[in-house]
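>>> my questions concern the predicted model and sequence given below.
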Amino acid sequence: MKNRFFTFRGFTLIELLVVIAIIAVLAGLLFPVVGRVQARGRTTKCAHFMRQLGTAALLYAGDHDMTLPVTAHQRSQGGKSWTLTLQEYAGGKVVFRCPSDEDATRAYTYVINDFLTPNPAGAPTLDFSKLTRLERPAQTLLFLEASQNYTNADHFHFSDYSGQEIPPEAFASQVGVRRHGGSANYLFADAHMENLSWEQAQLRLRAPGSRFVDPSVQTDN
């Protein structure tokens with residue numbers, strides 16, 4: 001017997017096209033949102049990795065007369081790079097790569113500030129490798145994210161500018177200053193982490209008496 005209540009008819013071509021168009025519009029609206037959420041997630045994960053690295057570095061210093069871990073440059077004195085010594089201070093959980101790193105092959109994204117290493121090449125008379133020699137550890141960078149083209153080094157080369165203002169272009173050539181949507185993560189010598197836009201980082205570089213990178217800078221206050 002014919003159903004008097006329900007009749008079925010297929011979609012017309014116009015209706016199908018309208019549905020497809022609506023789905024395309026919704027997808028176009030959602031994809032950027034999903035992309036931004038994923039990017040924020042990677043930024044947060046990167047910050048977590050850097051905090052782990054900072055905690056491990058402070059624990060290492062606590063066991064070594066408040067001396068920070070060294071770099072590959074100290075191998076001739078029997079030292080080992082921080083990339084080898086810090087894992088044991090975090091139960092083997094330290095991650096050295098940012099999930100947003102454009103270079104999928106390099107071993108580590110995070111690189112140490114050479115001003116906090118013993119007698120850096122650009123300023124061999126300086127030695128701020130002991131935390132007790134830093135007047136303001138919360139203002140001086142310890143680890144930064146390397147730029148895409150800065151590879152095969154476990155430390156930056158900022159000490160060539162000892163006592164001088166570091167040109168923004170020289171800083172950006174080594175640091176991935178825009179890796180996270182125009183910003184980067186920065187770990188300071190007291191192990192706190194900040195996400196700074198490139199504009200904010202430049203303001204700190206240029207501030208009078210800034211110890212953002214160089215802890216040897218003298219200030220009036």
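Now that the structure is in, tell me what you want to look at.
>>> quick check, Thr109 in contact with Phe143.
No - the pair Thr109 / Phe143 is not scored as a contact, 9.6 Å apart, by C-beta atoms under 8 Å. C-beta: built from backbone N, CA, C; applies to glycine.
>>> can you give me the helices in the protein?
13-63, 82-85, 168-174, 198-206 (DSSP state H).
>>> what residues of the third one count as buried?
Of the residues in helix 168-174, those scored as buried under the neighbour-count criterion (16 or more other C-beta atoms under 10 Å) are 171-172, 174.
>>> follow-up on the earlier one: any chance of a markdown table for the helices of the chain, columns mean pLDDT and distance to Phe128?
Formatted as a markdown table, these follow (pLDDT from 0 to 100; distance: least, C-beta to C-beta, whole Å):
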| stretch | mean pLDDT | distance to Phe128 |
| --- | --- | --- |
| helix 13-63 | 82 | 12 |
| helix 82-85 | 94 | 15 |
| helix 168-174 | 97 | 18 |
| helix 198-206 | 97 | 18 |
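>>> so which of these is the most surrounded?
Among the helices of the chain, helix 82-85 has the highest mean neighbour count (mean count of other C-beta atoms under 10 Å), at a mean of 18.
>>> dump it to PDB, keeping only the CA atoms.
C-alpha atoms of helix 82-85 as PDB (Å, rounded to 0.1, in the frame of the first residue of the first chain):
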ATOM      1  CA  TRP A  82      75.100  21.100  27.500                       C
ATOM      2  CA  THR A  83      73.400  19.000  24.800                       C
ATOM      3  CA  LEU A  84      75.000  16.000  26.400                       C
ATOM      4  CA  THR A  85      75.000  16.900  30.100                       C
END
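>>> list the contacts of that helix.
Helix 82-85 is contacted from outside by 57, 60, 68-71, 96, 107-108, 112, 154, using C-beta atoms under 8 Å, 6 or more residues apart in numbering.
>>> follow-up on the earlier one: export the helices of the chain to a markdown table and append columns for distance to Gly181.
Shown next, in a markdown table, are the helices of the chain (distance: least, C-beta to C-beta, whole Å):
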| stretch | distance to Gly181 |
| --- | --- |
| helix 13-63 | 6 |
| helix 82-85 | 27 |
| helix 168-174 | 16 |
| helix 198-206 | 11 |
